[in-house]
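> one predicted model, sequence on top.
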Amino acid sequence: MAESAVRAEGVTKVYPGRRRQERRVAVADLDLDVRPGTVLGLLGPNGAGKSTTIGMLAGLVSPTRGRIRICGRCMRRARQEAVARVAVVLDRARALYPRLTPVQNIRYFASARGCPKGAVKRGRQWLSRFGAAQYADAPVYRLSLGTQQKAVLACALAMEPDVLLLDEPTVGLDVPSSLELRSAMRMLAEEEGKCVILSTHQMDVAQSVCHDVCVLAQGRVMAYGSVKRLLTMFAARAYRIAVRGAVSAELRRALSSVATVRCCSAYASAAGHHASMQLEVDSERAFYEVIGILHGAGLEIESVTREEPCLERAYLKLVAGGDDDGIVGRVGDRSGVAEKGNRSA
């Protein structure tokens, strides 16, 4: 089995306050095991600890306790060797000097990091792979946001990192630029064998780019595992049902007794009253009970559509407490997500 590109064990970051009770726990007991060729997404609301996690993995923030290893190098004992394996992009607006060209930025940062010769050549090659070769010698401030992000990535990759850390890489990009960047991140992992860790609020980005996700809330891991497994766990039987007829308050109460009614909208036409509702059931039997209730109320069912599993819905259940049992990731098991309290299983 390949050595972990990034491994975190019990990593905690506490920011001190003037008094003990004012201390803020930004990240608590974080465990990660990320292999080369993997894209890991850090998901969570503002203040969840995503940026602090990125900072600790990059060696920019010292953990209060716990251990971080980058490609086998301990961040505490061999920090210089560990940091040399990492490239980090925290803020696109300040990542490059705007009056310099991408190539000039690459030359400057390569010199500052003491990287071996060939960084400019590698940077030009990455710009070409990202479809931005024609902008290599143009001042950064004249480039579009999407092209600036490509230049930032090219600059980071010119340093030959094994691990690439990105904080909200697609924020502010138009749709074409966002799609191009998503493709680039998957390519870096699957074709180049890079370990890519990104933080994002955008569930569509996480679902289309990431192999694994780690969901954080208030500094704690709520779930950690493969996107596929997380979707399977939260693949609630969700349906959109269109009916002809009026939906009364009494009917809504009856439906709520066997299903979770997410929304119900009614409208009228020349043909009479209509309604569309979205609901979730926990079993096939409950679904047929819903159908029976609708028929019993004299409504004509016009259509039934089953909704596909959605990472956004799974995420909302986790951070909003919609999952009654709660789950937490099992480190080292990239194929699944374990139940809370069963991490050693």
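Right, received. Where do you want to start?
> centre-most residue in the chain?
With distances taken as C-alpha atoms, centre = their mean, the chain has residue 41 as the residue nearest its mean C-alpha position (3.4 Å).
> give me the contact list for the helix or strand that contains that residue.
Assessed by DSSP states H and E, residue 41 sits inside strand 39-43. With C-beta atoms under 8 Å, 6 or more residues apart in numbering as the test, strand 39-43 has contacts from 6, 32, 34, 50, 53-54, 185-186, 189, 195-201, 203, 205-206, 209-216, 227, 315. (Glycine included, C-beta is placed from N, CA and C.)
> that strand pairs with which strands?
strand 195-200 (parallel), strand 212-217 (parallel) (DSSP bridges).
> now do the strands in the stretch 201-345 of the chain.
Taking DSSP state E, counting those that start in this stretch, the strands of the stretch 201-345 of the chain run over residues 212-217, 220-226, 237-244, 260-269, 272-281, 300-306, 327-328, 338-339.
> tell me the angle the first one makes with strand 220-226.
Relative orientation of strand 212-217 versus strand 220-226 (axes from the mean of the first three to the mean of the last three C-alpha atoms, to 10 degrees): 170 degrees.
> same check, this time on the fifth one
Taking the same axes, to 10 degrees, one finds strand 272-281 and strand 220-226 inclined to each other by 90 degrees.
> distance to residue 126 added to the strands paired with strand 39-43, as CSV?
Formatted as CSV, the strands paired with strand 39-43 follow (distance: least, C-beta to C-beta, whole Å):
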stretch, distance to residue 126
strand 195-200, 14
strand 212-217, 25
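> with respect to residue 125, which of the strands of the stretch 201-345 of the chain lies nearest?
Among the strands of the stretch 201-345 of the chain, the nearest to residue 125 by C-beta to C-beta is strand 212-217 (28.4 Å).
> what does that closest one rub up against?
Residues from elsewhere that reach strand 212-217 (C-beta under 8 Å, 6+ apart): 27, 32, 34, 38-45, 48-50, 53, 206, 221-227, 230, 311, 315, 318-319, 329, 334.
> how about low-confidence regions in the stretch 101-250 of the chain?
The stretch 101-250 of the chain contains residues with pLDDT under 70 at 116, 233-236.
> quick one, helices of it?
For the stretch 101-250 of the chain, the helices defined by DSSP state H, counting those that start in this stretch occupy 102-113, 119-129, 145-157, 175-190, 203-209, 227-233, 249-256.
> name whatever forms a beta bridge with the residue nearest to the centre of the chain.
Counting by DSSP bridges, the residues bridging with residue 41 are residue 198, residue 213.
> begin at 449 from here
Let's use 449 as the start, then, which means that last one is residue 489.
> if we can go back for a sec, just the strands of the stretch 649-793 of the chain: most buried one?
strand 660-665 (a mean of 25; mean count of other C-beta atoms under 10 Å).
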